[in-house]
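Participant: coordinates for the following, if possible.
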Amino acid sequence: MRDTIITHQMASFASEVDVEHVSLMYFLSDFAGGFWLNLISKPCLLWARIGGLLLISINSSTIFSILSIYFERRKAFAAVLITALFITMRSGYIIDYYSFPAFLLCLQLWLLNQIIQHSRDQAKMKLFSFLLGLLTVPIILSRISLILLFLVPIALFVYYNFSNRDLSRAIQISKIASIGFASSAILFGIFYWYLGILSSIRIIFHTIGGSALGQTESHNMVNLIELYLRCYGEVVIGSIVLFGGFFVLMKFINSLKISEDYEQLIPILITIFVLFLIQICSIYIPELAHSLAYPLLSVSIGLVVIFVRIFFIFNREANFKLALLLISGTITMLINPIGSNTGIFKSSYGMWLILPLSLLCLDKAWDRLDCISCNFRLSFLKTALTVMLIFALFFQFSNTNPYVIGLSPPFLREVPSVHHGDQVLHSC
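Facilitator: Below is the predicted model of the structure:
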């Protein structure tokens, strides 16, 4: 898979782009990846991985700058750092058509937060609204399925109306963002024309139509919908089991009547014991750790939705600004895997904001959850982040995937360039 991605990236950055060797469904992501690879004279997998790590760092910094406004900086930093390790624990992060859109989405969420923060400053609000619309086009061009991003403003309008708030400001923001969107569409239209691929844009509609009509095998729309429904069914079951198990465990710990200091250790010891069993079993079933990491990431989708729902139910006087971010972050997470034939695993690329935000919000509302918390003395945030950190470190170090640990697999040691016949990748 990686050899195809990087070949497309080099082809996308060629002086003459050949539509036979690129994918217009995510051309802008490949162009960004190709640009990064060509910054050095001999592109290699290590350099591609450095690009991925750079995106991780920027995403983390961007999300921290958002969360530190609403929460204690120490808690926000811990939440962002650990969730970054958690959601990238099985990803061979390079600049590709999932990581690059995730980077742009983080920037867009930052712009949305700036609009929320400066809603009374007309000049700043208009500037950030224009930039928000401007950024929407490259997000869609980085992966066409992200056109579903328009569900975010629709959901926000519904929430505005549901909250009996004045829609005039939201309408004003939408109008200015539309101007930014139109300006961006013209600019990228010129860019695509310059590269000679604007006339081939119909291929995108042909591909989408073929998928909808079942003319493609791997991305047949009907098969994908069935796959997503099956995955979400598994997520619902897994989330209920994990969330229910958490409260059963907390109730059991409370019944032991031990000191609070030792209470904090019990969930950690149980987690370590479970991972120890997984490691032992992996001796006989080598793929066990690999196969368990994906369901764990997927089930976290259901947990996020549960956390968000609890926050809205038990924190009725919720911060309106946080509510807007929660809605935007949740939809971003849910639409991210659309079009992928790997199920809903790719939702992890859309969790940069919503996972730490939902944890911090539930922690903020924890003291109010008397009907379900049963007066637990355990800190929800400390327990959740510690367990996530242990899982993340375990799966990071148990990772045998060569792309993730930075080793060049055989098929990536020499990928021919499509424009000069040189070696594009070398083992660094």
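Participant: distance from the helix ranked longest in the chain to the middle of the chain?
Facilitator: As assigned by DSSP state H, the longest helix anywhere in the chain is helix 221-256. Per CA atoms, centre = their mean, to the nearest Å, the displacement of helix 221-256 from the mean C-alpha position of its chain is 20 Å.
Participant: on contacts alone, who are the packing partners of that helix?
Facilitator: Helices and strands touching helix 221-256, by 3 or more CB pairs under 8 Å, 6 or more residues apart in numbering; DSSP states H and E, are helix 202-212, helix 265-284, helix 288-314. No exception for glycine: its C-beta is placed from N, CA and C like everyone else's.
Participant: list the buried ones in that helix?
Facilitator: For helix 221-256, the neighbour count (16 or more other CB atoms under 10 Å) marks 221, 224, 227-228, 231-232, 234-235, 238-239, 243, 246, 250, 253 as buried.
Participant: again, but for stretch 169-181
Facilitator: For stretch 169-181, the buried set under the neighbour-count rule, 16+ other CB under 10 Å, comprises 170, 173-174, 176-177, 180-181.
Participant: mind putting those into TSV with distance to Leu67?
Facilitator: Formatted as TSV, those follow (distance: CB to CB, whole Å):
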residue	distance to Leu67
Ala170	23
Ile173	22
Ser174	26
Ile176	26
Ala177	23
Gly180	25
Phe181	27
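Participant: can you show me the helices along the stretch 1-150 of the chain?
Facilitator: 2-12, 27-37, 45-70, 73-87, 99-117, 122-142 (DSSP state H, counting those that start in this stretch).
Participant: nearest to Ser199, out of those?
Facilitator: helix 27-37 (13.6 Å; CB to CB).
Participant: quick one: mean pLDDT for the closest one?
Facilitator: Here helix 27-37 scores 86 as its mean pLDDT.
Participant: distance of Trp110 from Val305?
Facilitator: Using CB to CB, to the nearest Å, Trp110 is found at 23 Å from Val305.
Participant: if you could redo that for Phe394, that was the one I meant.
Facilitator: As judged by CB to CB, Phe394 and Val305 stand 25 Å apart.
Participant: before we move on, what about Val299?
Facilitator: Computed as CB to CB, the Val299 to Val305 distance reads 11 Å.
Participant: which residues are in contact with both of the two?
Facilitator: Ser239 (CB atoms under 8 Å, 6 or more residues apart in numbering).
Participant: residues contacting the closest residue to Gly238 other than its chain neighbours?
Facilitator: Spatial nearest neighbour of Gly238, chain neighbours left out: Val299 (3.8 Å); criterion: CB to CB, 6 or more residues apart in numbering. With contacts defined as CB under 8 Å, 6+ apart, Val299 is in contact with 234-235, 238-239, 242.
Participant: number of nearby residues for Ser298?
Facilitator: Ser298 has 22 neighbouring residues, counting by other CB atoms under 10 Å.
Participant: is it in contact with Phe345, as I believe?
Facilitator: Yes. Proximity of Ser298 to Phe345 meets the contact threshold set by CB atoms under 8 Å, at 5.8 Å.
Participant: so Leu135 touches Leu111, yeah?
Facilitator: Yes. The pair Leu135 and Leu111 passes the contact test of CB under 8 Å, sitting 6.7 Å apart.
Participant: quick one: pLDDT of Tyr228?
Facilitator: As predicted, Tyr228 sits at a pLDDT of 78.
Participant: ok, for it, nearest residue in space, not its chain neighbours?
Facilitator: Ile344 (6.0 Å).
Participant: need the phi and psi values for the one you found.
Facilitator: phi -100, psi 10 (degrees, to the nearest 10).
Participant: surely it touches Ser300?
Facilitator: No. Counting by CB under 8 Å, Ile344 does not reach Ser300; the two are 10.7 Å apart.
Participant: who touches Leu297 in this structure?
Facilitator: 86-87, 89-90, 345, 347-348.
Participant: just give me the neighbour total for Ile327.
Facilitator: By other CB under 10 Å, the burial measure for Ile327, its neighbour count, is 18.
Participant: distance-wise, check it relative to Ile40.
Facilitator: Remark: distance between Ile327 and Ile40 (CB to CB) = 41 Å.
Participant: report the separation between the closest residue to Phe395 other than its chain neighbours and Phe243.
Facilitator: Nearest non-adjacent residue to Phe395, counting by CB to CB, 6+ apart: Met89, 4.3 Å away. From Met89 over to Phe243 the distance is 21 Å, taken as CB to CB.
Participant: tell me what the helix or strand harbouring Leu389 is packed against?
Facilitator: Taking DSSP states H and E as the definition, one finds Leu389 inside helix 380-397. Other helices and strands packing on helix 380-397, by 3+ CB pairs under 8 Å, 6+ apart, are helix 73-87, helix 265-284, helix 288-314, helix 354-365.
Participant: would CSV of these with distance to Leu54 and mean pLDDT be doable?
Facilitator: Below are the helices and strands packed on helix 380-397 laid out as CSV (distance: least, CB to CB, whole Å; pLDDT from 0 to 100):
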stretch, distance to Leu54, mean pLDDT
helix 73-87, 13, 89
helix 265-284, 30, 72
helix 288-314, 22, 74
helix 354-365, 20, 84
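Participant: most tightly surrounded among those?
Facilitator: helix 354-365 (a mean of 25; mean count of other CB atoms under 10 Å).
Participant: between that helix and helix 288-314, how many degrees?
Facilitator: 50 degrees (axes from the mean of the first three to the mean of the last three CA atoms, to 10 degrees).
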